[in-house]
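**Q** Any chance you could fold what I've pasted below:
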Amino acid sequence: MSFRLVLSFASMVLLTSLALPFANAADIVLIGNDTNAAASMYTESGTFLGHLGAFSGSTGTAFDGLGHAYVDYGGTGTIREFDGSGTLLNTIAFAQGFGEDITYIAGTLWVSAAAGTFYHIDLAGNLLGSFAGAFGDGITTDGTFLYTSDGFGGSGVITQRNLAGVATGVTISTGFSSNLSLGYDAAHNTFWMGRLNEIGEFNFAGANVGGFLTTTDSDFYHDGVAVGSFSTTSTPEPSSMLLLAPVLAGMVIARRRRKQA
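**A** Sure thing, here's the model as predicted:
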(Lines give C-alpha, C1' and ligand atoms only; values in the text may rest on other atoms or scores of the structure.)
Protein backbone atom coordinates (compact mmCIF):
# COMPACT_ATOMS: atom_id res chain seq x y z
CA MET A 1 0.00 0.00 0.00
CA SER A 2 1.48 3.40 -0.98
CA PHE A 3 2.25 6.07 1.59
CA ARG A 4 -0.35 8.38 0.08
CA LEU A 5 -3.04 5.69 0.27
CA VAL A 6 -2.14 4.79 3.85
CA LEU A 7 -2.15 8.45 4.84
CA SER A 8 -5.51 8.98 3.14
CA PHE A 9 -6.99 5.94 4.90
CA ALA A 10 -5.61 7.00 8.27
CA SER A 11 -6.97 10.50 7.84
CA MET A 12 -10.38 9.10 6.94
CA VAL A 13 -10.38 6.96 10.08
CA LEU A 14 -9.40 9.95 12.20
CA LEU A 15 -12.07 12.22 10.72
CA THR A 16 -14.71 9.52 11.06
CA SER A 17 -13.75 9.02 14.68
CA LEU A 18 -14.07 12.72 15.37
CA ALA A 19 -17.52 12.81 13.74
CA LEU A 20 -18.97 9.76 15.47
CA PRO A 21 -20.05 11.50 18.68
CA PHE A 22 -22.49 13.58 16.62
CA ALA A 23 -24.08 10.34 15.39
CA ASN A 24 -25.08 9.75 19.00
CA ALA A 25 -26.68 13.16 19.40
CA ALA A 26 -30.09 13.06 21.05
CA ASP A 27 -32.59 13.74 18.31
CA ILE A 28 -35.91 12.19 19.36
CA VAL A 29 -38.30 13.67 21.91
CA LEU A 30 -40.45 10.76 23.12
CA ILE A 31 -43.68 11.94 24.75
CA GLY A 32 -46.36 10.19 26.80
CA ASN A 33 -49.98 11.22 26.23
CA ASP A 34 -51.92 10.95 29.51
CA THR A 35 -53.24 7.41 28.75
CA ASN A 36 -54.98 8.65 25.57
CA ALA A 37 -52.64 7.46 22.80
CA ALA A 38 -49.41 5.68 21.98
CA ALA A 39 -46.16 7.47 22.82
CA SER A 40 -45.38 10.20 20.27
CA MET A 41 -41.99 10.83 18.66
CA TYR A 42 -40.94 14.34 17.64
CA THR A 43 -37.76 16.03 16.50
CA GLU A 44 -36.37 18.62 18.88
CA SER A 45 -37.80 21.33 16.62
CA GLY A 46 -41.30 19.88 16.95
CA THR A 47 -41.77 17.82 13.78
CA PHE A 48 -43.94 14.77 14.44
CA LEU A 49 -42.18 11.52 13.50
CA GLY A 50 -44.81 8.93 14.41
CA HIS A 51 -45.97 6.79 17.31
CA LEU A 52 -43.88 4.17 19.09
CA GLY A 53 -45.45 0.73 19.29
CA ALA A 54 -49.04 -0.32 18.79
CA PHE A 55 -50.18 0.17 22.39
CA SER A 56 -52.36 3.10 23.37
CA GLY A 57 -52.46 4.59 26.88
CA SER A 58 -48.90 5.94 27.27
CA THR A 59 -47.76 7.95 30.28
CA GLY A 60 -44.03 7.95 31.15
CA THR A 61 -41.17 7.52 28.66
CA ALA A 62 -37.42 6.79 28.86
CA PHE A 63 -34.44 5.87 26.67
CA ASP A 64 -31.77 3.47 27.95
CA GLY A 65 -28.91 4.64 25.70
CA LEU A 66 -28.61 1.10 24.32
CA GLY A 67 -31.01 1.45 21.41
CA HIS A 68 -34.21 0.82 23.35
CA ALA A 69 -37.00 2.90 24.87
CA TYR A 70 -39.39 2.27 27.76
CA VAL A 71 -43.00 3.44 27.88
CA ASP A 72 -45.17 3.37 30.97
CA TYR A 73 -48.88 2.63 30.60
CA GLY A 74 -50.13 3.85 33.96
CA GLY A 75 -53.71 2.73 33.55
CA THR A 76 -52.69 -0.90 33.01
CA GLY A 77 -49.82 -1.12 35.51
CA THR A 78 -47.30 -2.11 32.85
CA ILE A 79 -44.07 -0.70 31.41
CA ARG A 80 -43.05 -1.90 27.95
CA GLU A 81 -39.62 -1.95 26.29
CA PHE A 82 -39.34 -1.27 22.53
CA ASP A 83 -36.67 -1.13 19.88
CA GLY A 84 -36.54 1.60 17.24
CA SER A 85 -38.97 -0.20 14.95
CA GLY A 86 -41.60 -0.34 17.69
CA THR A 87 -41.14 -4.07 18.31
CA LEU A 88 -42.10 -5.08 21.85
CA LEU A 89 -39.09 -6.57 23.66
CA ASN A 90 -40.23 -6.87 27.26
CA THR A 91 -43.18 -6.14 29.55
CA ILE A 92 -42.67 -5.15 33.19
CA ALA A 93 -45.45 -5.25 35.77
CA PHE A 94 -45.51 -2.13 37.94
CA ALA A 95 -47.44 -3.15 41.05
CA GLN A 96 -46.90 0.01 43.11
CA GLY A 97 -49.67 2.15 41.64
CA PHE A 98 -50.48 4.37 38.68
CA GLY A 99 -47.16 5.16 37.00
CA GLU A 100 -46.55 8.55 35.43
CA ASP A 101 -43.07 9.69 34.37
CA ILE A 102 -40.12 7.24 34.30
CA THR A 103 -36.35 7.33 33.82
CA TYR A 104 -33.75 4.61 33.16
CA ILE A 105 -30.43 4.23 34.96
CA ALA A 106 -28.01 1.29 35.07
CA GLY A 107 -30.49 -1.46 34.26
CA THR A 108 -33.22 -0.10 36.55
CA LEU A 109 -36.15 2.31 36.34
CA TRP A 110 -37.35 5.10 38.58
CA VAL A 111 -41.11 5.61 38.32
CA SER A 112 -43.03 8.66 39.47
CA ALA A 113 -46.40 7.38 40.68
CA ALA A 114 -49.42 9.65 40.35
CA ALA A 115 -50.17 9.34 44.06
CA GLY A 116 -46.92 11.11 44.92
CA THR A 117 -44.18 8.50 45.49
CA PHE A 118 -41.09 7.72 43.43
CA TYR A 119 -40.38 4.00 43.12
CA HIS A 120 -37.12 2.35 42.09
CA ILE A 121 -37.62 -1.01 40.35
CA ASP A 122 -35.50 -3.48 38.41
CA LEU A 123 -36.46 -4.67 34.93
CA ALA A 124 -38.38 -7.59 36.44
CA GLY A 125 -40.58 -5.18 38.40
CA ASN A 126 -39.00 -5.87 41.81
CA LEU A 127 -39.05 -2.93 44.22
CA LEU A 128 -35.57 -1.61 45.10
CA GLY A 129 -36.41 1.59 46.96
CA SER A 130 -38.62 4.68 47.10
CA PHE A 131 -38.91 8.27 48.29
CA ALA A 132 -41.75 10.73 48.74
CA GLY A 133 -42.94 13.19 46.11
CA ALA A 134 -46.08 15.05 45.06
CA PHE A 135 -48.80 14.48 42.48
CA GLY A 136 -47.54 14.31 38.91
CA ASP A 137 -43.85 14.96 39.56
CA GLY A 138 -41.45 14.33 36.66
CA ILE A 139 -38.20 12.42 37.06
CA THR A 140 -34.99 12.05 35.05
CA THR A 141 -31.26 11.44 35.50
CA ASP A 142 -27.96 12.56 34.01
CA GLY A 143 -26.29 9.39 35.28
CA THR A 144 -24.79 11.14 38.31
CA PHE A 145 -27.88 12.65 39.92
CA LEU A 146 -31.63 12.21 39.84
CA TYR A 147 -33.74 15.27 39.07
CA THR A 148 -37.42 15.73 39.87
CA SER A 149 -39.89 18.43 38.86
CA ASP A 150 -42.59 19.84 41.13
CA GLY A 151 -45.54 18.40 39.25
CA PHE A 152 -49.02 19.50 38.28
CA GLY A 153 -49.43 22.00 41.10
CA GLY A 154 -45.90 23.33 40.86
CA SER A 155 -44.24 26.37 39.32
CA GLY A 156 -41.54 24.57 37.33
CA VAL A 157 -38.85 23.95 39.95
CA ILE A 158 -36.37 21.13 39.26
CA THR A 159 -34.73 19.53 42.32
CA GLN A 160 -31.38 17.75 42.14
CA ARG A 161 -31.12 14.55 44.20
CA ASN A 162 -28.56 11.85 44.80
CA LEU A 163 -29.25 8.42 43.34
CA ALA A 164 -31.14 7.39 46.48
CA GLY A 165 -33.52 10.31 46.06
CA VAL A 166 -32.16 12.62 48.79
CA ALA A 167 -32.23 16.30 47.77
CA THR A 168 -28.78 17.89 47.45
CA GLY A 169 -29.99 21.45 47.98
CA VAL A 170 -29.59 22.42 44.31
CA THR A 171 -32.76 23.65 42.57
CA ILE A 172 -33.48 25.14 39.15
CA SER A 173 -36.45 27.47 38.60
CA THR A 174 -37.88 27.34 35.08
CA GLY A 175 -41.31 28.93 35.48
CA PHE A 176 -42.83 26.01 33.54
CA SER A 177 -45.87 25.56 35.78
CA SER A 178 -48.29 22.61 35.87
CA ASN A 179 -45.59 20.30 34.53
CA LEU A 180 -45.97 16.52 34.62
CA SER A 181 -42.74 15.17 33.16
CA LEU A 182 -39.02 15.76 33.05
CA GLY A 183 -36.27 14.52 30.72
CA TYR A 184 -32.51 15.13 30.48
CA ASP A 185 -30.91 15.85 27.08
CA ALA A 186 -27.32 14.59 27.27
CA ALA A 187 -26.41 16.01 23.86
CA HIS A 188 -27.14 19.58 24.94
CA ASN A 189 -27.00 19.31 28.75
CA THR A 190 -30.53 20.62 29.08
CA PHE A 191 -33.84 19.58 30.63
CA TRP A 192 -37.14 19.03 28.82
CA MET A 193 -40.49 19.37 30.60
CA GLY A 194 -44.01 18.51 29.50
CA ARG A 195 -47.47 19.85 30.31
CA LEU A 196 -50.77 20.34 28.47
CA ASN A 197 -50.06 20.62 24.70
CA GLU A 198 -46.52 21.89 25.29
CA ILE A 199 -42.92 20.73 25.65
CA GLY A 200 -40.24 23.11 26.94
CA GLU A 201 -36.43 22.95 27.01
CA PHE A 202 -34.38 24.66 29.74
CA ASN A 203 -30.71 25.02 30.62
CA PHE A 204 -29.20 24.60 34.10
CA ALA A 205 -29.84 28.29 34.80
CA GLY A 206 -33.56 27.73 34.20
CA ALA A 207 -33.65 29.77 30.97
CA ASN A 208 -35.93 28.59 28.18
CA VAL A 209 -33.80 27.51 25.20
CA GLY A 210 -36.29 25.55 23.10
CA GLY A 211 -39.48 23.55 22.97
CA PHE A 212 -42.63 23.32 20.90
CA LEU A 213 -46.40 22.94 20.96
CA THR A 214 -47.54 19.39 20.23
CA THR A 215 -49.49 19.34 16.99
CA THR A 216 -50.33 15.62 17.05
CA ASP A 217 -52.14 14.01 19.99
CA SER A 218 -52.93 17.53 21.20
CA ASP A 219 -55.17 18.42 24.15
CA PHE A 220 -53.32 15.85 26.27
CA TYR A 221 -51.17 16.36 29.33
CA HIS A 222 -47.73 14.97 28.56
CA ASP A 223 -46.97 12.66 31.49
CA GLY A 224 -43.64 11.60 30.06
CA VAL A 225 -40.84 13.23 28.09
CA ALA A 226 -37.52 11.61 27.22
CA VAL A 227 -34.85 12.82 24.82
CA GLY A 228 -32.48 10.36 23.20
CA SER A 229 -31.84 8.10 20.24
CA PHE A 230 -32.30 4.53 19.09
CA SER A 231 -28.73 4.61 17.76
CA THR A 232 -26.29 2.09 19.23
CA THR A 233 -23.21 3.54 17.52
CA SER A 234 -20.34 3.52 19.98
CA THR A 235 -18.13 6.57 20.46
CA PRO A 236 -14.43 5.82 19.76
CA GLU A 237 -12.08 6.15 22.70
CA PRO A 238 -9.61 9.08 22.55
CA SER A 239 -6.79 6.56 23.07
CA SER A 240 -7.43 5.14 19.60
CA MET A 241 -6.87 8.53 18.00
CA LEU A 242 -3.79 9.17 20.15
CA LEU A 243 -2.31 5.88 18.98
CA LEU A 244 -2.90 6.84 15.36
CA ALA A 245 -0.94 10.12 15.62
CA PRO A 246 2.57 8.65 16.19
CA VAL A 247 2.02 6.11 13.39
CA LEU A 248 1.34 8.92 10.94
CA ALA A 249 4.32 10.93 12.26
CA GLY A 250 6.63 7.94 11.85
CA MET A 251 5.48 7.40 8.28
CA VAL A 252 6.19 11.05 7.44
CA ILE A 253 9.72 10.86 8.94
CA ALA A 254 10.50 7.60 7.09
CA ARG A 255 9.39 9.08 3.79
CA ARG A 256 11.58 12.17 4.26
CA ARG A 257 14.61 9.98 5.03
CA ARG A 258 14.04 7.95 1.86
CA LYS A 259 13.94 11.15 -0.20
CA GLN A 260 17.18 12.40 1.39
CA ALA A 261 18.89 9.07 0.68
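
**Q** use CA for all of it now, contacts and neighbours both
**A** Will do.

**Q** To what extent is Met193 buried, counted in neighbours?
**A** Neighbour count for Met193, taken as other CA atoms under 10 Å: 31.

**Q** try the one 10 residues further on
**A** Using other CA under 10 Å, Asn203 has 17 other residues around it.

**Q** Which residue, other than its chain neighbours, is closest to it?
**A** Spatially, and ignoring its direct neighbours in sequence, Asn203 is nearest to Thr190 (4.7 Å; CA to CA, 6 or more residues apart in numbering).

**Q** so what pLDDT did the one you found get?
**A** You'll see Thr190 listed with a pLDDT of 98.

**Q** ranges for the helices of the stretch 1-150 of the chain?
**A** Per DSSP state H, counting those that start in this stretch, the stretch 1-150 of the chain carries helices over the ranges 3-23.

**Q** what does the stretch 151-261 of the chain give?
**A** Going by DSSP H, counting those that start in this stretch, the stretch 151-261 of the chain shows helices at 238-260.

**Q** show me where it has strands.
**A** Using DSSP state E, counting those that start in this stretch, the strands of the stretch 151-261 of the chain run over 157-161, 167-173, 181-185, 190-195, 198-202, 208-213, 225-228.

**Q** So for Phe63, which of those sits nearest?
**A** Phe63 lies closest, by CA to CA, to one member of the strands of the stretch 151-261 of the chain: strand 225-228, at 6.0 Å.

**Q** So which elements touch that closest one?
**A** strand 28-31, strand 61-63, strand 181-185, strand 190-195 (3 or more CA pairs under 8 Å, 6 or more residues apart in numbering; DSSP states H and E).

**Q** what's the longest one in contact with?
**A** For strand 190-195, contacts defined as CA atoms under 8 Å, 6 or more residues apart in numbering pick out 138, 176, 178-185, 199-204, 211, 221-227.

**Q** one step back: in a markdown table: the helices and strands packed on strand 225-228, plus distance to Thr108.
**A** Converted to a markdown table, the helices and strands packed on strand 225-228 look like this (distance: least, CA to CA, whole Å):
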| stretch | distance to Thr108 |
| --- | --- |
| strand 28-31 | 19 |
| strand 61-63 | 11 |
| strand 181-185 | 16 |
| strand 190-195 | 21 |
